[in-house]
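> Take a look and give me a structure for this.
(one chain, ligands or ions: 1)
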Amino acid sequence: MTEAPAAALPDHEVRAPTLHSATFERGPMAESGLLDYVVRSDALVWGRRGDGKVGFGAVARCDARGTDRFATARAWWADVSRRATAAPGQEPTAPGAGVVAFATFAFDATSAAASTLIVPRLVVGRSADSSWLTIISDDPSEELTLEQAEEELALALDEVDDEAELHRGGTLAAGHVSEDAFTACVAAGVAAIDAGELTKLVLARDAVAELDGPVAVAQVLRELALRYSDCWTYSVDGLIGATPEMLVRVDGATAQARVLAGTLDRSTAPADDPHYPHRVLAGDEKQRHEHQLAIDSLTAELGPLVSEMIAPAEPFVLQLPNVWHLASDVQAHLTPYDDGRTPSALDLAEVLHPTAAVCGTPTEAAAGLIRRLEGMDRGRYAGPVGWVDAEGNGEFGIALRGGVIESTSCIRLYAGCGIVAASDPAAELAESWAKMRPMREALNL
Ligand SMILES: C=C(O[C@H]1C=CC=C(C(=O)O)[C@@H]1O)C(=O)O
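Alright, predicted model coming up:
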């Protein structure tokens, strides 16, 4: 048995609100599912293939920074969850219904970026077999009715972005890590690996998009969701994108992850060779090594918390519109902590982050070298992004293939690449461009 992480920080006063919710079952949605609700720039979004949730407004928020960012968020959420009540007869009926928080975490403890949990006023949710509308209040005396929830939802959907004013294009410039700086970083990373300092590290760069109008967030999200239907589309407090990598998904006592590492650009692939990705990606020693290190980092951290874990012996090739990846789906049965509580999605996000898909092996050596070589604050890029409910169910993707909105018409994009002994700087630079392609296309850049 494993000891549960502390529910409250020593000397930490958690000022969590008392929340009250009502969840109303709704009929089947149109084929497009949740995408019909992705119409506002400020909505909170988590979804894949029409399932997921869209949040409007905010009734509570927790911001944290530094080494304790996960612990602060966990303590706050434990308090919110303990106190939350549901209107009689309107209790949550599915994971993610009822009181729920959308969450985003900074990659590194030294980041200036806040890690944030936001509880929306309204949530429209859909899973394979149900759909619902939840309304949440921080006023325990407020009567929460279906009429009120539908009226507020209609108002929220009415105040949509004026598409005429949205951007049509713009420019993309080097960010903190230019192309030259990136290739130099990769060469230095390979030298450190050759010198025996570490086995793998993931190096990233950024690029700044200045658009000729306000970022069309909802339009970008809809495009990403439609084109990248195997990815999880997210939008939380200005962090947007569509990630192919699931850090952890918790549904009751089941945990799942999709580990990715190993990439092949599709734009340079021969059109007439169906075996190309299997031969060049799945059959390549360097790519398989990079992938295995990412799996090992996940299973080593998850192992002590589970009674059973299924990790396939062979990765599969995940085909996205821009790239192919080596991918492995891991499934595990969670063991309760010795206080009887099952580890929550938040607990697991903290334990598993950062995997070797975004940091390296060994973790501490890689994290230190990333700070030194990149010299940039990654902010929330490559950190966990997703949602958690009051029961501890939730989904945390790794915030990849996206960007951070820095002002109305400016968005910073990020992409990184796993570096091992056999990595070539020019090839890694090309791969980073391939990973930025989904956002560039959605932004018309
Ligand atoms: C770090 C990123 O991708 C990771 C996930 C999948 C494949 C990767 C790779 O092949 O390098 C990276 O580890 C990114 O997209 O910024």
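
> Next to the ligand, which bits of the protein? Give me the list.
202, 204, 245, 260-263, 325, 357-358, 400-401, 415-418, 435 (Cβ under 6 Å from any ligand atom). Quick note: C-beta positions are derived from backbone N, CA and C, even for glycine.

> and with 5 Å instead?
Taking Cβ under 5 Å from any ligand atom as the contact definition, the chain meets the ligand at Leu260, Ala261, Thr263, Ala357, Leu400, Ala415, Gly416, Cys417, Gly418, Lys435.

> Let me know the closest of those to Ala103.
Leu400 (16.1 Å; Cβ to Cβ).

> Just read off the phi/psi values of the nearest residue to the closest one once chain neighbours are set aside.
Leaving aside its sequence neighbours, Leu400 sits nearest to Thr243 (Cβ to Cβ, 6 or more residues apart in numbering; 4.6 Å). The phi/psi pair for Thr243 (degrees, to the nearest 10) reads phi -100, psi 140.

> Thr243 against Gly402, yeah?
Yes: Thr243 lies in contact with Gly402 (Cβ atoms under 8 Å); the separation is 7.0 Å.

> what number of residues lie near the residue nearest to Leu400?
25 (other Cβ atoms under 10 Å).

> can you pull the contacts of it?
By Cβ atoms under 8 Å, 6 or more residues apart in numbering, the contact set of Thr243 is Cys231, Trp232, Tyr234, Val385, Gly397, Ile398, Ala399, Leu400, Arg401, Gly402.

> Does the fifth one touch Leu239 like I think?
No: using Cβ under 8 Å, Gly397 is not in contact with Leu239, being 11.0 Å away.

> These two: which is more packed in?
More crowded of Gly397 and Leu239, by other Cβ under 10 Å: Gly397, with 27 against 21.

> Report the distance from the strand or helix carrying the more buried one to the chain centre.
Taking DSSP states H and E as the criterion, Gly397 maps to strand 394-398. Distance of strand 394-398 from its chain centroid, counting by Cα atoms, centre = their mean, to the nearest Å, is 5 Å.

> Could you name the helices and strands sitting against that strand?
strand 232-236, strand 246-251, helix 345-352, strand 384-389 (3 or more Cβ pairs under 8 Å, 6 or more residues apart in numbering; DSSP states H and E).

> For Phe70, find the nearest of the ones you listed.
Nearest of these (Cβ to Cβ): helix 345-352, 3.7 Å.

> Now for whatever residue of the stretch 1-150 of the chain ends up closest to the ligand, how many residues are close by?
Residue of the stretch 1-150 of the chain nearest the ligand, by Cβ to the nearest ligand atom: Phe107 (10.4 Å). By the criterion of other Cβ under 10 Å, Phe107 has 27 neighbours.

> Show the backbone phi and psi for the closest residue to Asp63 other than its chain neighbours.
Nearest residue to Asp63, sequence neighbours excluded (Cβ to Cβ, 6+ apart): Ala114, at 4.3 Å. Per-residue torsions, Ala114: phi -80, psi 150 (degrees, to the nearest 10).

> my guess is Ala114 contacts Cys62, does it?
No: shown here, Ala114 and Cys62 do not form a contact pair, counting by Cβ under 8 Å, at 9.5 Å.

> quick one, which of these two is more surrounded?
Neighbour count, other Cβ under 10 Å: between Ala114 and Cys62, Cys62 has more, with 25 against 17.

> For the more buried one, what is the enclosing helix or strand?
Secondary structure (DSSP H and E) places Cys62 in strand 60-64.

> Overlap of the contact sets of Thr243 and Gly402?
Tyr234.

> low-scoring pLDDT stretches of the chain, where are they?
By pLDDT under 70, the weakly predicted segments of the chain are 1, 7-14, 161-166.

> just the helices in it please.
69-83, 146-158, 179-194, 217-227, 276-277, 285-302, 345-352, 363-374, 425-442 (DSSP state H).

> For Arg227, list the residues it contacts.
Here Arg227 is in contact with Pro321, Pro438, Glu441, Ala442 (Cβ under 8 Å, 6+ apart).

> let's see 10 Å
Applying Cβ atoms under 10 Å, 6 or more residues apart in numbering to Arg227 gives the contacts Thr233, Ala242, Leu320, Pro321, Asn322, Pro438, Glu441, Ala442.

> Kindly report the same for Tyr381.
Tyr381 touches 106-107, 111, 113, 204, 206, 239, 241, 358, 398-404, 412-416, counting by Cβ under 10 Å, 6+ apart.

> now do 8 Å
Contacts of Tyr381 by Cβ under 8 Å, 6+ apart are Phe107, Ala204, Asp206, Ala399, Leu400, Gly402, Gly403, Val404, Tyr414, Gly416.

> Also Gly416?
Val202, Leu203, Ala204, Arg205, Val358, Tyr381, Ala382, Leu400, Ser432, Lys435 are the contacts of Gly416 under Cβ under 8 Å, 6+ apart.

> picking up where we left off before, who are the packing partners of the strand holding Cys62?
Looks like strand 60-64 contacts helix 69-83, strand 115-119 (3+ Cβ pairs under 8 Å, 6+ apart).

> Which strand residues bridge Trp46?
Lys53, Tyr234 (DSSP bridges).

> Hmm, I typed the wrong one, I wanted Trp324.
Leu264, Gln319.

> and Ala434, how far is that from Pro88?
As defined by Cβ to Cβ, to the nearest Å, Ala434 lies at a distance of 53 Å from Pro88.

> Pick out whichever of those two has more residues nearby.
A count of neighbours by other Cβ under 10 Å puts Ala434 above the other of Ala434 and Pro88, at 19 against 7.

> residues contacting the more buried one?
Thr263, Asp265, Arg266, Ser267, Asn322, Val323 are the contacts of Ala434 under Cβ under 8 Å, 6+ apart.

> which neighbours do Ala114 and Cys62 share?
With Cβ under 8 Å, 6+ apart as the test, Ala114 and Cys62 reach no residue in common.

> picking that back up, shared neighbours of Gly397 and Leu239, anything?
Val385.

> If the closest residue to the ligand within the stretch 51-200 of the chain is in a bridge, with which residues?
Residue of the stretch 51-200 of the chain nearest the ligand, by Cβ to the nearest ligand atom: Lys200 (9.1 Å). Following DSSP bridges, Lys200 is listed with bridge partners Thr361.

> for the closest residue to Arg378 other than its chain neighbours, phi and psi?
Excluding its sequence neighbours, the residue lying closest to Arg378 (Cβ to Cβ, 6+ apart) is Phe107, at 4.2 Å. Here is the backbone geometry of Phe107 (degrees, to the nearest 10): phi -60, psi -50.

> just checking, Phe107 touches Val358?
Yes: the pair Phe107 / Val358 is scored as a contact, 7.2 Å apart, by Cβ under 8 Å.

> Now for those two: what residues contact both?
Ala382.
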